[in-house]
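Enquirer: Based on what follows, work out the 3D shape:
(chains A and B)
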Amino acid sequence: MNINSFLTIILLTISSISLGQTKYTLSGQIKDASNGEDLPFATVTVKELKGVGVTANTYGYYSLSLPEGNYTVIYQYIGYDVIEKSIELNKNITISLELPTSAQNLEEVVVTAEREDRNITSNEGSVTKIDTKAIRELPTFGGEVDIIKVMQTQPGVKASGEGGSGFYVRGGGLDQNLVLLDEAPVYNPSHLLGFFSVFNGDAIKGATMYKGGMMPEYGGRTSSVLDIRMKDGNAKDLSVTGGIGTIASRLTVEGPIVKDKGSFMISGRRTYADLFLGLSNDPSFSNSSLYFYDLNLKANYRITEKDRIFISGYFGQDKLGMDGSVNMDYGNATGTLRWNHVFSSKLFSNTSFIYSNYNYEFGFGADEDKIGLESIIKDINIKQDFSFYASTKHTIKFGFNAIHHTIEPGNLSAGSNTGINPQDSEKKYGIEGAIYIQDEFKISNRLSINYGLRYSLFQGIGTGTEYQFNDKGEVIGAKEYGDGETMQYYGGFEPRLSANYIINPKSSVKLGYNKNYQYLHMLSNSTSSSPTDTWIMSSNNVKPQEAEQISLGYFRNFKDNTFETSVEAYYKDMKNVIDYKTGANVFLNDQLEGDLVYGKGRAYGVEFMIKKNKGRLTGWLGYTLSRSEKQFDEINNGDWFAARQDRIHDINLVAIYKINPKLTLSGNFIYYTGDAITFPSGRYEVDGKVIPYYTERNGYRMPDYHRLDLALTWIRKKTDKFESSWNFSIYNVYGRENAYTISFEPSEEDPNTTEAVQLALFKWVPSVTYNFKF
Amino acid sequence: MKSIQLIVSAIIIAFLVTACEKVIDVDLKDAAPSIVIEAVLMEGENDFVVKISKTAPYFDNSPSEKIDHANVTLKFNDEEIDIPNSGNGIYSLPVNALINTEYHLEVNVDNETYNASTTMLDKVMIDTIYSEFEEGFGPRESGYYVYIKYTDPGDVENFYRLTHSLNGEYQNTESDLRVFNDLRNNGNQPKTSLGFKVFEEGDVVDVNLIHFDESSYDYFSSLNDIIGGNGGPSGGAAAPGNPLSNWSNNALGYFSAYNYDTATIIIGE
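Expert: Numbering: from 1, shown residues only, chains lettered A, B, ... in the order given. Predicted coordinates for the structure are as follows:
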């Protein structure tokens, strides 16, 4: 689309807004009556005006401008009682209210939030929202409720591998997902190589994933956004929740700072396998450490009626190793300071200062024999978002953000006995910025569109060295840049669109389009999240990754919104996708860019979803038929080849059955086509060894993956003062040996013969967790 | 880097997981046979040996097809020497290889010509060899570890390979392949070990420090990535492919000139 005409449309619509009759604004805050938590995305509609309504923002704030008159306003959110309020609107008024949890839902499990017919009415195709409350009773791995693992069961979202926390969205790569925790990017959201995510279920309120049609306020990654929000903390009473599990224990304390004005939440989690190791007589066990912990902190306070401050932080570390021999520590730290300000009942503002840091440290040996390696990635970010509730037809959002990135790829330290020169790889600096504007436009009762534009830019800045490479990847030139000098500039417009046409109250058609640029890239040689994955910035050699996606979906609900169904098709075109040359050296290599190749990608597919929201049996069945392919001039003679995540068939079935108010049985079945993989097509002997001979990239398939997990949740006690429950889970119930790796190697018995050896990680993994709340 | 992966995976597997390994049947395509040429020139008066063969289907466990009808020519300092075939794909002739000399090897098979060149470098001496008893952790066993120290020439980039024999027997498993450069220790006196290999008291260990050129290093370094593990999510190579060969015309294998120094240690003495 022509950028100028696009801007003109936006300006015209905004200017047309002020015309018309006298209007007044109804605004306020919507909260949960039981704990005072904000209810983001709660809906506000007007009985007398069909099709008029608004969805609260992520802070529970809503604003609705209506002509003068008497109205009945309906506030609703699934799982809560509907509240109707009669109002006389002859001036701007503020109504903040709390929705009580509805009693009738005790026997049910709520899968989605918001209003019942959201599947049809919301102008959001390709979006999945998950509330942590709704997933408590699903099977777990190791007893830890994990929102990422549940996200992976959605159509179009695929787990990175057995037990992994990484995910592929609509054929995109692992690094193309923006994972945000209270707006702070989390660069490595995994513990213990991905078997657990860093998101402690007790501290998380919920998550929203945008697979396509992303709103212009988000950017920086080409595939998806996973926006995870921490709980604000109980604003009514002091409460303590916790759990003791097979792997880890958790404890959360939350309560009001001043009742109904502010609250805090502190949540911790730690594994304790190492505490048993300490009891061992074998020094190689008792001196070792093997644990991770998470600490989530959040506080919010309403300073005035119009100002609210939030502060949140996350700290997590993995510590693996043994004293003086080998150690590997890694972790994330994030911090967010937010200020909500209501300029007028129509203009809501949020300003965020965001910090994120990921580091890993690897050490080998002790004292003067020690070799250590440290790597850091650090972001400092300022983000400003405005919501302007212009009229019942238009909600305009606009804002900007600026991120300062620092990457320290590797700082090598070495003791004097090692003979190694301590050396730091060159640090990289960059600034990523964006401005955006979008308009949610209700054209009619049936048609609504959300269109907008984002301009993003990236500037590589000195101190730094820019290398030029020849075709072989050899350095043919280098240019030094001084402190603060611009090394490279990239920028581009990212148009976004999502449209919803409601055919009738039971069905709708949704269209989505988005273009995204990505300026930071992760280089990984594995599908499991490895703590040592390397992030690089765009440079003279590494062009920004680019993706355009178009999606079209049909949504239909049945039996009074009991069943939601949808079919969505998408096509995604990717440019400047990165891969390695054979023999690439990723480790501490300042000239790594010479070992990379750049190509194209394409992904397309159809996602089917059936979801049952009400009754004793709830759950969903998703099926995705999709392809994801890549093309590089230097690989496979320039032919297209399957990306590793090219899983053609992908089935997920999640079911939750309430046997009685105290007992819930749940199950989770997963099936997908094996990953595309490179296997040898021949062998030869060199240096007295049998060597595999490769002829094509990703020309083979891993065996198909499937697995069933079951869980039983037993509510032991439930009173106003004390709640306790047990959760029993079995991961991989029927003991399927899913291939984690297949290696081709000489046979152990006869080294002259070769064989394929499959490694399967988990046969059955049972876990028991005891949870309590008081 | 591989050791990081190895350690972490081993920790996970040891403590958390009921991992199980089994041999499976995989249906692999049979690639068209490709030529493989392996040639090593040792410093001084030695038999120069060239091996020529073809690739075979991966699970074909019969010996690979040998090529005995090739013309092999070694060229250096305006000299040309034909290397005669001695059967079973082997071509050999005594050659006195000189340092600071560039050697070219030309192989003609079925009207295709393959060329490679390598340079014989100076010897780098092993200054000391010693062993230490160390406690193990994870995949790292307890036992005696052997270390050598050598003085790296500071004026140029250097590339090395370490080989060893145990009680007179040449050790040549995948984990015995050790190649490294001086990127992090140029001009120093580094120490290096034989990987995670442990020895017992009384073992006689002969260590060779091979000094060779960059193309040889590239070959063995990429070979090490490839044989270190493949086919799975935590496979060794960033992108599984064939090692970086110095042969033209897509031949597999390498042509390398080794200059080396040997040191011997008896463990526990």
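
Enquirer: For the stretch 351-500 of chain A, which segments are assigned as strands?
Expert: Along the stretch 351-500 of chain A, the stretches classed as strands by DSSP state E, counting those that start in this stretch are A:371-388, A:394-414, A:423-424, A:428-442, A:447-461, A:464-469, A:475-481, A:486-504.

Enquirer: Need these in a markdown table (columns: mean pLDDT).
Expert: A markdown table is the format used below for these (pLDDT from 0 to 100):
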| stretch | mean pLDDT |
| --- | --- |
| strand A:371-388 | 93 |
| strand A:394-414 | 92 |
| strand A:423-424 | 82 |
| strand A:428-442 | 95 |
| strand A:447-461 | 94 |
| strand A:464-469 | 90 |
| strand A:475-481 | 90 |
| strand A:486-504 | 94 |
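
Enquirer: Save the ones you listed as TSV, and put in distance to chain B and mean neighbour count too.
Expert: C-beta: built from backbone N, CA, C; applies to glycine. As requested, those are arranged in TSV below (distance: least, C-beta to the nearest C-beta, whole Å; neighbours: other C-beta atoms under 10 Å in any protein chain shown):
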stretch	distance to chain B	mean neighbour count
strand A:371-388	8	18
strand A:394-414	7	19
strand A:423-424	6	14
strand A:428-442	19	21
strand A:447-461	24	21
strand A:464-469	16	17
strand A:475-481	13	12
strand A:486-504	24	18
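
Enquirer: do you know which of the ones you listed lies nearest residue A:763?
Expert: strand A:371-388 (34.7 Å; C-beta to C-beta).

Enquirer: The closest one packs against which elements?
Expert: Strand A:371-388 sits against strand A:184-185, strand A:347-364, strand A:394-414, with contacts defined as 3 or more C-beta pairs under 8 Å, 6 or more residues apart in numbering or on different chains; DSSP states H and E.

Enquirer: now do 10 Å
Expert: Helices and strands touching strand A:371-388, by 3 or more C-beta pairs under 10 Å, 6 or more residues apart in numbering or on different chains; DSSP states H and E, are strand A:61-67, strand A:184-185, strand A:326-344, strand A:347-364, strand A:394-414, strand A:428-442, strand A:520-523, strand A:534-537.

Enquirer: which residue ranges form the helices in chain A?
Expert: A:3-17, A:118-121, A:132-135, A:147-151, A:273-277, A:283-286 (DSSP state H).

Enquirer: Likewise for the stretch 1-150 of chain B?
Expert: Using DSSP state H, counting those that start in this stretch, the helices of the stretch 1-150 of chain B run over B:2-16.

Enquirer: And the pLDDT for the residue of the stretch 51-200 of chain A found nearest chain B?
Expert: Residue of the stretch 51-200 of chain A nearest chain B, by C-beta to the nearest C-beta: residue A:161 (4.6 Å). Residue A:161 is assigned a pLDDT of 79 by the prediction.

Enquirer: Ramachandran angles for residue B:174?
Expert: Phi and psi for residue B:174, reported as degrees, to the nearest 10, are phi -60, psi -40.

Enquirer: Tell me which residue in the stretch 651-774 of chain A sits closest to chain B.
Expert: For the stretch 651-774 of chain A, C-beta to the nearest C-beta, closest residue to chain B: residue A:741, 2.3 Å.

Enquirer: ok, that residue to residue A:318 distance?
Expert: 22 Å (C-beta to C-beta, to the nearest Å).

Enquirer: So what sits opposite the residue of the stretch 651-774 of chain A closest to chain B in the bridge?
Expert: For residue A:741, the beta-bridge partners under DSSP bridges are residue A:759.

Enquirer: center of the chain - which residue?
Expert: Unless you meant another one, I'm taking chain A. For chain A, residue A:226 is the residue whose C-alpha lies nearest the centre (C-alpha atoms, centre = their mean; 2.7 Å).

Enquirer: Please refer instead to chain B.
Expert: Closest-to-mean residue, chain B, C-alpha atoms, centre = their mean: residue B:220 / 4.9 Å.

Enquirer: which residues does the closest residue to that residue other than its chain neighbours contact?
Expert: Closest residue in space to residue B:220, ignoring its immediate chain neighbours: residue B:179 at 4.4 Å, by C-beta to C-beta, 6 or more residues apart in numbering or on different chains. Contacts for residue B:179 (C-beta atoms under 10 Å, 6 or more residues apart in numbering or on different chains) come out as B:159-162, B:210, B:212, B:216-224.

Enquirer: And for residue A:335?
Expert: Contacts of residue A:335 (C-beta under 10 Å, 6+ apart): A:182, A:184, A:297, A:311-315, A:353-357.

Enquirer: what does residue A:715 give?
Expert: Counting by C-beta under 10 Å, 6+ apart, the residues that residue A:715 touches are A:137, A:660, A:661, A:662, A:663, A:664, A:723, A:724, A:725, A:726, A:771.
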